[in-house]
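A.B. asks: Here's my sequence, what's the structure:
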Amino acid sequence: MSKSGSEPAPTKELVTAYLKEVKTKVDACIFDFLPDTHEQQDVHQLYQMMLDYPRREGKGLRPALCLLICEAFGGDAERAVNTAAALELLQNWLLIHDDIEDGSELRRGEPCLHQKHGIPMAINVGDALHCKMWEMLHRNTKILGHNLAFQILSEFIQLSNQVVEGQHIELSWVRNNQWNLNEKDYWTMCIQKTAWYTCITPCRVGAIIGGASTEEADAFIEIGKSLGIAFQIQDDVLNLIGDVGRYGKEIAGDISEGKRTLVLIHLFNSCTPPEAQYVIDIMAQPRADKTEADVLGVLKLMEKYNSIQYAQKCSKTLLKEAAEHFTQKFDHLPNNQAKHLFLSLINFFVEREY
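C.D. replies: As a prediction, this is how the structure comes out:
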């Protein structure tokens, strides 16, 4: 990838190709690191189950953000591959636990791990990948040196605290049967649950490894908040109107699971009181008690009040804010391909179909 000079804006095909390139590189790092065999049969089974989610097809967005930002700051992206792989391990163990907590059925086009092996086994596999994530970060002492490796480790500690707090917020809404939420509530949850591990930390660790100053790394907090919320909104939208073959998760699963989304909040703010009560009566039911007609009824009301279109508009506005903030804050960086790829990649956040 070019290190200096002006580069043309990458096409969607180039962005897709770059994502595949990063995924291949990071997967190689992960599969070289994770154990896959053991003489004790039960432990061998654990190792094979640990490889399940990493082997499934994913987007590789988080590692790509990490490597691109590292390179945009003039760093050697190869030195960031181990950290990018740790981000992917983080994603996988979080998804295993998240799927259990949400009662999800599909992940990346296949049955969720707890659907295949039961909840206790799946929880333990998630715990095992969590442990391996920290072990992989410890390897950075040999790659980056002790001081930089400890700094990256600290970023993951902050990230982990943010994510579990955000997840607790969302789980509390379900436990308390809470529906009187506003957009600010949704932003807060998204920032902690999604933005920190999807955008903020991947960009920050890439910048740190690339030699960015503290002020430059901190700038990615606000940029990453906008990106992360935009990403989550698009995920919510795809859950309602996506193609299960590409999206890889159950369509309208958020309705089945009773998820509080921006789409739902907009619907509550737009519909009549009787309609709102109708929606709450359905959404509050356990997943097993909801019928296909129930789910379709909520979806039709979302379409009636253009709630999906509203969410899409919000996502695009946030994306524009993030791109403008990045361009203004980092105008001093060379106009190399890494910088242009990053700007093109964030458009993928709301243009993606999976």
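A.B. asks: all strands of the chain, in order?
C.D. replies: Read by DSSP state E, the chain holds these strands, from start to end of the chain: 106-107, 110-111.
A.B. asks: mind listing what the first one pairs with, with the direction of each?
C.D. replies: Translated: strand 106-107. Sheet pairing of strand 106-107 (DSSP bridges) gives strand 110-111 (antiparallel).
A.B. asks: State the mean pLDDT of the strand it pairs with.
C.D. replies: The average pLDDT within strand 110-111 is 94.
A.B. asks: just stretch 63-77 next, same as before
C.D. replies: 96.
A.B. asks: can you tell which of the strands of the chain is closest to Ala276?
C.D. replies: strand 106-107 (29.2 Å; Cβ to Cβ). From N, CA and C alone the C-beta is placed, and that goes for glycine too.
A.B. asks: does Glu165 really touch Gln192, like I thought?
C.D. replies: Yes: in this structure, Glu165 is within contact of Gln192 by Cβ atoms under 8 Å, at 5.2 Å.
A.B. asks: Please identify which of those two sits among more neighbours.
C.D. replies: Gln192 (22 against 14; other Cβ atoms under 10 Å).
A.B. asks: got a list of what that one touches?
C.D. replies: Contacts for Gln192 (Cβ atoms under 8 Å, 6 or more residues apart in numbering) come out as 162-163, 165-166, 169.
A.B. asks: do Cys203 as well
C.D. replies: Here Cys203 is in contact with 65-66, 69, 220, 223-224 (Cβ under 8 Å, 6+ apart).
A.B. asks: burial count for the closest residue in space to Asp36 that isn't next to it in sequence?
C.D. replies: Leaving aside its chain neighbours, Asp36 sits nearest to Tyr47 (5.5 Å; criterion: Cβ to Cβ, 6 or more residues apart in numbering). Residues lying near Tyr47 (other Cβ under 10 Å) number 15.
A.B. asks: who touches Tyr47 in this structure?
C.D. replies: Contacts of Tyr47 (Cβ under 8 Å, 6+ apart): 34-38.
A.B. asks: filter these to the buried ones?
C.D. replies: Buried members of the contacts of Tyr47, counted by 16 or more other Cβ atoms under 10 Å: Leu34.
A.B. asks: for the stretch 251-354 of the chain, what are the low-confidence residue spans?
C.D. replies: Applying pLDDT under 70 to the stretch 251-354 of the chain flags residues 352-354.
A.B. asks: For the stretch 51-200 of the chain, just list every one of the helices.
C.D. replies: For the stretch 51-200 of the chain, the helices defined by DSSP state H, counting those that start in this stretch occupy 52-55, 61-72, 81-102, 113-117, 119-138, 140-144, 146-175, 183-190.
A.B. asks: In TSV: the contacts of Gln192, plus distance to His114 and pLDDT.
C.D. replies: Below are the contacts of Gln192 laid out as TSV (distance: Cβ to Cβ, whole Å; pLDDT from 0 to 100):
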residue	distance to His114	pLDDT
Gln162	24	97
Val163	19	96
Glu165	23	97
Gly166	21	96
Ile169	22	97
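A.B. asks: ok, these vs Ala207, which is closest?
C.D. replies: Using Cβ to Cβ, the contacts of Gln192 come closest to Ala207 at Gln162, 17.6 Å.
A.B. asks: so how far is Thr291 from the closest one?
C.D. replies: 37 Å (Cβ to Cβ, to the nearest Å).
A.B. asks: Assess the claim that Ser315 and Asp236 are in contact.
C.D. replies: No: applying Cβ under 8 Å as the test, Ser315 and Asp236 come out as separate, 9.0 Å apart.
A.B. asks: Could you measure from Gly118 over to Gln45?
C.D. replies: Separation of Gly118 from Gln45 (Cβ to Cβ): 13 Å.
A.B. asks: How many neighbouring residues does the closest residue to Asp102 other than its chain neighbours have?
C.D. replies: Nearest residue to Asp102 in three dimensions, chain neighbours excluded: Glu257, at 5.1 Å (Cβ to Cβ, 6+ apart). Residues near Glu257, counting by other Cβ under 10 Å, number 19.
A.B. asks: Now Glu257. Its backbone dihedrals?
C.D. replies: The phi and psi values for Glu257, taken as degrees, to the nearest 10, are phi -90, psi 0.
A.B. asks: Show me what counts as buried in stretch 109-125.
C.D. replies: Result for stretch 109-125 [16+ other Cβ under 10 Å]: buried residues 112-115, 117, 122, 125.
A.B. asks: just stretch 26-43 next, same as before
C.D. replies: 26-27, 29-30, 34.
A.B. asks: got the residues you listed as a markdown table, with pLDDT columns?
C.D. replies: Shown next, in a markdown table, are the buried residues of stretch 26-43 (pLDDT from 0 to 100):
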| residue | pLDDT |
| --- | --- |
| Val26 | 97 |
| Asp27 | 97 |
| Cys29 | 98 |
| Ile30 | 98 |
| Leu34 | 98 |
